[in-house]
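[1] from the sequence below, what's the structure:
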Amino acid sequence: MRLQLQNKVIVITGALGKIGFSSTRMFLERGAKVVANDWVVANDAPRMLALMEQYGPERLLFVEADASDEDQVIGLFSQIRDRFGRLDGSFHNCYLQNRKPVTGYTLKDWNQVIQGTLTSTFLISKHAILLMKDSGGGSIVNTSSILGMKPRVGEGAYGSAKAGINFLTQVIAAENANHGIRANVIVPGDIKEPKQRTPEKAAEIRKDILLGRSGTPDEVSELAAFLLSDASAYITGSLYTIDGGIRI
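    Below is the predicted model:
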């Protein structure tokens with residue numbers, strides 16, 4: 001089936017986060033070989049350790065690395081090349097968020113958010129492209145946010161970084177189509193795991209979202225799986241909003 005990911009080598013950043021872990025599990029279930037990356041060690045994440053034991057090193061490689069540091073990103077992709085010899089897909093989820101009014105940011109605050117969110121996207125995409133060119137093509141999926149499209153008070157740095165991801169990814173799509181590399185953006189709204197949903201938050205969500213609920217990490221992962229699969233072979237340079245019809 002074209003929606004399957006059988007034998008595709010896919011790197012997932014932010015793999016210990018809610019969307020990153022969901023996609024790691026889902027992509028493995030659909031036959032992919034996954035390189036899971038985070039700056040937190042796997043030993044601090046029992047769920048990841050369980051997946052590593054279940055699938056073994058032939059299917060799941062965990063690499064601790066900071067996606068906003070180019071030397072560490074180079075090391076990450078060197079390990080991908082050494083272990084699997086190719087790269088078919090990249091799903092980037094790393095970000096930093098610091099809610100303050102614009103006048104409340106120090107330059108250090110601003111730079112940290114941009115570095116962790118937009119610069120990390122640039123670095124992962126850059127080195128994914130280089131390996132994909134040697135692999136004969138691939139699919140890049142970067143995670144943005146509805147806050148990069150709909151401004152909200154206190155999100156000047158984060159929203160700017162996410163808006164930058166939208167533009168950067170579309171440029172990547174334009175520059176690399178002739179190399180068989182596609183690039184698309186997922187734009188999530190309010191995404192929560194069940195344990196994060198309080199009755200008070202649920203009532204607030206019902207007012208702001210047409211579908212009346214938060215999204216789930218698995219729903220975002222399903223969209224990412226589609227964009228990384230052969231079923232989306234004619235799609236590039238697109239932004240896919242997944243927000244339940246948010247009205248902010």
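[2] for this structure, which element, helix or strand, carries the lowest mean pLDDT?
    Taking mean pLDDT, DSSP states H and E as the measure, the helix or strand of the chain with the lowest value is helix 199-208, at a mean of 74.
[3] now could you export just the CA positions of that helix as CSV?
    The C-alpha trace of helix 199-208 is given here as CSV (Å, rounded to 0.1, in the frame of the first residue of the first chain):
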residue,chain,number,x,y,z
PRO,A,199,-12.2,20.0,32.5
GLU,A,200,-11.4,23.8,32.6
LYS,A,201,-9.2,23.6,29.5
ALA,A,202,-11.8,21.4,27.7
ALA,A,203,-14.5,24.1,28.2
GLU,A,204,-12.2,26.8,26.9
ILE,A,205,-11.4,24.6,23.8
ARG,A,206,-15.0,24.1,23.0
LYS,A,207,-15.4,27.9,22.6
ASP,A,208,-12.4,28.3,20.4
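[4] tell me, how many residues neighbour Ser139?
    27 (other CB atoms under 10 Å). Heads up, the C-betas are built off the backbone N, CA and C, glycines and all.
[5] that older thread, check what contacts the helix or strand that comes right after the least confident helix or strand of the chain and list those residues.
    From helix 199-208 onward toward the C-terminus, using DSSP states H and E, the following helix or strand is helix 217-228. By CB atoms under 8 Å, 6 or more residues apart in numbering, the residues outside helix 217-228 that reach it are 3, 5, 8, 10, 18-19, 21-23, 26-27, 30, 88-89, 91, 139, 141, 143, 182, 184, 186, 188, 191, 193, 232, 235, 240, 242.
[6] quick one: the strands in this structure, in order.
    Remark: strands assigned in the chain by DSSP state E are 9-13, 33-38, 60-64, 89-92, 138-143, 181-188, 239-242.
[7] done for today, thanks.
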